[in-house]
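Q: Got a sequence here, can you build the structure:
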Amino acid sequence: MIHNIAQGVQAFTSNAFLVAPGARGEHGASGRTVLVDTGANFDAVSHLAGDVDHLDAVVITHTHPDHVGNVDAVRTRFGVETWGFDTSHDAVDNRIEDGETVRIGTEEYRALHTPGHAVDHLCLYAPDAGVLFAGDLVFAGGSFGRTDLPGGDGKTLVESIERVVGTVEGNLQALHTGHGPSVVDDPLDALEQSLRAARLSA
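A: Residues are numbered from 1 along each chain as shown. Next up is the predicted model:
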């Protein structure tokens, strides 16, 4: 199960994807119940409570405020630690290295350090399932992460998108982005559209 708990929220927030091994987050040795980003400016705890009674981990794609604003509330309610690229940030308890494998739900995801929008940005790709959590690297409709914030860089963003395109190798089945809708209809094409647009802007 992959469920965006921020869907329908009328506030400035990122998407926040609950990934659970089974219905209502059934806990077992075969999977881990993980929240990918926490969102901000809404009651994430009450949204989660409708689906799960525990979390095994929180994984952060990057530490922009709209992605980590609910970290403290989720930590407190679920007694859970967070994982991300930059442990110097208060929202990140444990480091995920570039290329490291992280178990999310029932799949093994490869962490890809993909700066350009943010220096600590990670994408997470499960090759067996063909699922990509892209954070703010790219979005539906051929758009891509802004590069005018501190640490942003257009050329670096292009290189990061190129790396992701090369990694998914035509096996992309679902693209879950940090804002807007997920893409399940030809997500590789959406990714390549974003790459072309980013190249024109770099």
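
Q: residue ranges for the strands of the chain, please.
A: Assigned by DSSP state E, the strands in the chain fall at 2-4, 17-19, 34-36, 57-59, 82-84, 94-95, 101-104, 107-113, 122-126, 131-135, 174-177.

Q: Against which helices or strands is the lowest-mean-pLDDT helix or strand in the chain packed?
A: The weakest-scoring helix or strand in the chain, judged by mean pLDDT, DSSP states H and E, is helix 44-49 (a mean of 94). Under the contact criterion of 3 or more CB pairs under 8 Å, 6 or more residues apart in numbering; DSSP states H and E, helix 44-49 touches helix 71-78. Bear in mind the C-beta positions are built from the backbone N, C-alpha and C, glycine included.

Q: now do 10 Å
A: strand 2-4, strand 17-19, helix 71-78 (3 or more CB pairs under 10 Å, 6 or more residues apart in numbering; DSSP states H and E).

Q: thinking again about what came up before, dump the strands of the chain to CSV, plus mean pLDDT, distance to Asp72 and mean neighbour count.
A: Shown next, in CSV, are the strands of the chain (pLDDT from 0 to 100; distance: least, CB to CB, whole Å; neighbours: other CB atoms under 10 Å):
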stretch, mean pLDDT, distance to Asp72, mean neighbour count
strand 2-4, 96, 21, 18
strand 17-19, 98, 18, 26
strand 34-36, 98, 13, 27
strand 57-59, 98, 11, 23
strand 82-84, 98, 10, 22
strand 94-95, 98, 16, 12
strand 101-104, 97, 22, 18
strand 107-113, 97, 23, 19
strand 122-126, 98, 20, 25
strand 131-135, 98, 20, 28
strand 174-177, 98, 24, 24
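
Q: Would you reformat those as TSV and include distance to Leu48?
A: Formatted as TSV, the strands of the chain follow (distance: least, CB to CB, whole Å):
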stretch	distance to Leu48
strand 2-4	10
strand 17-19	7
strand 34-36	7
strand 57-59	10
strand 82-84	14
strand 94-95	20
strand 101-104	15
strand 107-113	20
strand 122-126	19
strand 131-135	17
strand 174-177	17
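
Q: Which residue comes closest to Leu188 once chain neighbours are left out?
A: Leu172 (4.5 Å; CB to CB, 6 or more residues apart in numbering).

Q: Backbone dihedrals for the one you found, please?
A: With angles defined as degrees, to the nearest 10, Leu172 sits at phi -90, psi 120.

Q: I figured it hits Val131, correct?
A: Yes - under the criterion of CB atoms under 10 Å, Leu172 makes contact with Val131 at 8.1 Å.

Q: Check the contact lists of those two and give me the overlap.
A: Jointly contacting Leu172 and Val131 under the rule CB atoms under 10 Å, 6 or more residues apart in numbering are 125, 184, 187.

Q: Can you tell me which of those residues is closest to Gly166?
A: Taking CB to CB as the measure, Gly166 lies nearest Tyr125 of the shared contacts of Leu172 and Val131, at 11.1 Å.
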